[in-house]
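Asker: Mind folding the following:
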Amino acid sequence: MQLTSAQLEAAAKKATAWLASQLTPLGNYKGQQAPDANGVYPDTDDIGCYYKSIYTLRATGQTAAAGRCMAYVVSRFRSPEGDYFNTPTVRSSGSYGPVFCQLYQNAWLMRGAASLQWIGLADSMLKFMNTQREPASGGYYTVVNSTTGIMDSNSIAVGAWSCLLGYQPKLAKKSCDFLLTLLKNQADDGILWSRCRADGTLITDLSDVDPKNHRYVRVSATEPQQAYWIWAWPMNSLIAMHELTGQKKYLRGAIKIFGFLKNCHANAFGFTTSGKNAWGAMKLFRITGEKKYLTKALLQMQYILDHQHADGYMLGEGIQDESGQPRRTTFDFTADFASWLIDNAHEMAARGL
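Answerer: Numbering: from 1, shown residues only. As a prediction, the model looks like this:
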């Protein structure tokens, strides 16, 4: 029996009801370690616990929790320059964002601010992000205050998305055009490379990347457990630009990315990192009505439902309950997975499903 939009929405709301139940009156998450005198729990004093939560709480109707959480994030993690991080030397925990896309958490927070309609806050977030933008190409650097000039597909895409949310369509369009250039420059069968220079030249030298992190700089069609989002965010940004401009080149680019992902390992629509793939596929289903997109998106939706604990929170591969994964991971997965549930729900509902 096919999943319905109502089922996805119900599961998303169950997840964020759990998230809201974990927030203190201060707006921070309860931890398993004892709080200090200021009510801060050491094991949740990490922006990685929060940056996806605000958008998802708001999108599922937990508006008071979203506002309280955002106020806490601003008070605890905002720098004088308008950046967001744990400390000036540690942006967050995790193996991806701190090294390969430091604006990722900023972009999620910007989504949250825009969803709350806190326009001034969203604008300040975007202004900082755009200090990390190369104007000529429209690319965004992977590292804040970069000394290498390295950009990547995900950094560029979340920058473009943030520009769309912040009423900067010309900047977003330039970034999306740059994404199309990166797609055009791909030359290796079965691989989408993500890193590039400002002229669009792909960086295929992996000598500076630990082998275990190769998945963060290129997506391999044959290997499992890839970081699919590094090209799924571009797919979604290109879809948005198509809807804004009506220009088919952006839709063709998005469909090209989907075409690659649908021929990847089964994990591309059935893994912790594949929610954005499903979101893009479901958007393409809404736009075109073609069932091939719906079929792939629903595989990932079922994966998420299969990894939701009875209490509402989300689990990683092979984990039975919250005790089996770090507290930060539980908050991250729960907010992340629930966002794709709720966003796929409204895409499906637009098609009457």
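
Asker: Report the buried residues of stretch 8-27.
Answerer: Of the residues in stretch 8-27, 8-9, 11-20, 22-24, 26-27 count as buried by neighbour count, 16 or more other C-beta atoms under 10 Å. Every residue, glycine included, has its C-beta placed from N, CA and C.

Asker: That should have said stretch 88-99, apologies.
Answerer: 91, 92, 93, 96, 97, 98, 99.

Asker: buried sites along stretch 192-202?
Answerer: Applying 16+ other C-beta under 10 Å to stretch 192-202 flags 192, 193, 194, 195, 196, 198, 200, 202 as buried.

Asker: what does it rub up against?
Answerer: 134, 136-137, 139, 142, 149-154, 178, 181-182, 185-187, 203-204, 216-219, 230-231, 257, 260 (C-beta atoms under 8 Å, 6 or more residues apart in numbering).

Asker: and which of the buried residues of stretch 88-99 is nearest to residue 41?
Answerer: residue 93 (14.3 Å; C-beta to C-beta).

Asker: what's the closest one in contact with, if anything?
Answerer: Residue 93 is in contact with 46, 48, 86, 328, counting by C-beta under 8 Å, 6+ apart.

Asker: how close does residue 266 get to residue 337?
Answerer: Separation of residue 266 from residue 337 (C-beta to C-beta, to the nearest Å): 18 Å.

Asker: now swap in residue 78 and tell me
Answerer: For residue 78, the distance to residue 337 - C-beta to C-beta - is 26 Å.

Asker: Between the two, which is the more surrounded one?
Answerer: residue 337 (26 against 18; other C-beta atoms under 10 Å).

Asker: I'd assumed the more buried one was in a strand, is it?
Answerer: No - counting by DSSP: H, G, I helix; E, B strand; the rest coil, residue 337 is not part of a strand but helix.

Asker: Looks like it contacts residue 16 (just checking).
Answerer: No - using C-beta atoms under 8 Å, residue 337 is not in contact with residue 16, being 10.5 Å away.

Asker: ok so, going back, out of the buried residues of stretch 88-99, which one sits closest to residue 284?
Answerer: residue 96 (25.5 Å).

Asker: could you point out which element follows the helix or strand of the chain with the lowest mean pLDDT?
Answerer: Least confident element among the helices and strands of the chain, by mean pLDDT, DSSP states H and E: helix 97-100 (a mean of 89). Going down the chain from helix 97-100, the next helix or strand is helix 104-115, by DSSP states H and E.

Asker: quick one: contacts of that following helix?
Answerer: By C-beta under 8 Å, 6+ apart, helix 104-115 touches 47-48, 51-55, 58-59, 66, 70, 73, 83-85, 91-92, 96-97, 121-122, 125-126, 128-129, 154-155, 158-159, 161-162, 165-166.

Asker: Which of those fall in helices?
Answerer: Within the contacts of helix 104-115, residues falling in helices by DSSP state H are 53-55, 58-59, 66, 70, 73, 97, 121-122, 125-126, 128-129, 154-155, 158-159, 161-162, 165.

Asker: could you flag which of the residues you listed are buried?
Answerer: Using 16+ other C-beta under 10 Å, the buried ones in the ones in helices among the contacts of helix 104-115 are 53-55, 58-59, 66, 70, 73, 97, 121-122, 125-126, 128-129, 154-155, 158-159, 161-162, 165.

Asker: how much space between residue 59 and residue 233?
Answerer: For residue 59, the distance to residue 233 equals 17 Å [C-beta to C-beta].

Asker: Next: residue 193.
Answerer: 15 Å.

Asker: ok, now residue 79?
Answerer: Distance of residue 79 to residue 233, computed by C-beta to C-beta: 24 Å.

Asker: Equivalent analysis for residue 270, please.
Answerer: Separation of residue 270 from residue 233 (C-beta to C-beta) stands at 19 Å.

Asker: Of these two, give the one with the bigger neighbour count.
Answerer: When neighbours are counted by other C-beta under 10 Å, residue 233 comes out ahead of the other of residue 270 and residue 233, with 27 against 18.

Asker: Find me the pLDDT at the closest residue to the more buried one other than its chain neighbours, would you?
Answerer: Spatial nearest neighbour of residue 233, chain neighbours left out: residue 157 (3.9 Å); criterion: C-beta to C-beta, 6 or more residues apart in numbering. Listed pLDDT for residue 157 reads 98.

Asker: Just give the number of residues close to residue 157.
Answerer: Neighbours of residue 157 (other C-beta under 10 Å): 31.

Asker: With residue 31 instead?
Answerer: Residue 31 has 19 neighbouring residues, counting by other C-beta under 10 Å.

Asker: And for the one 10 residues further on?
Answerer: When neighbours are counted by other C-beta under 10 Å, residue 41 registers 19.

Asker: do the same with residue 191
Answerer: 16.

Asker: need the contact list for it.
Answerer: Residues counted as contacts of residue 191 (C-beta under 8 Å, 6+ apart) are 218, 219, 220, 221.

Asker: among those residues, which are in strands?
Answerer: 218, 219, 220 (DSSP state E).

Asker: Let's verify the residue of the chain positioned farthest from its centre: helix, strand, or coil?
Answerer: The C-alpha centroid of the chain is most remote from residue 37, which lies 33.5 Å away (C-alpha atoms, centre = their mean). Secondary structure, three-state DSSP: residue 37 is coil.

Asker: List the residues that contact it.
Answerer: Taking C-beta under 8 Å, 6+ apart, one finds nothing in contact with residue 37.
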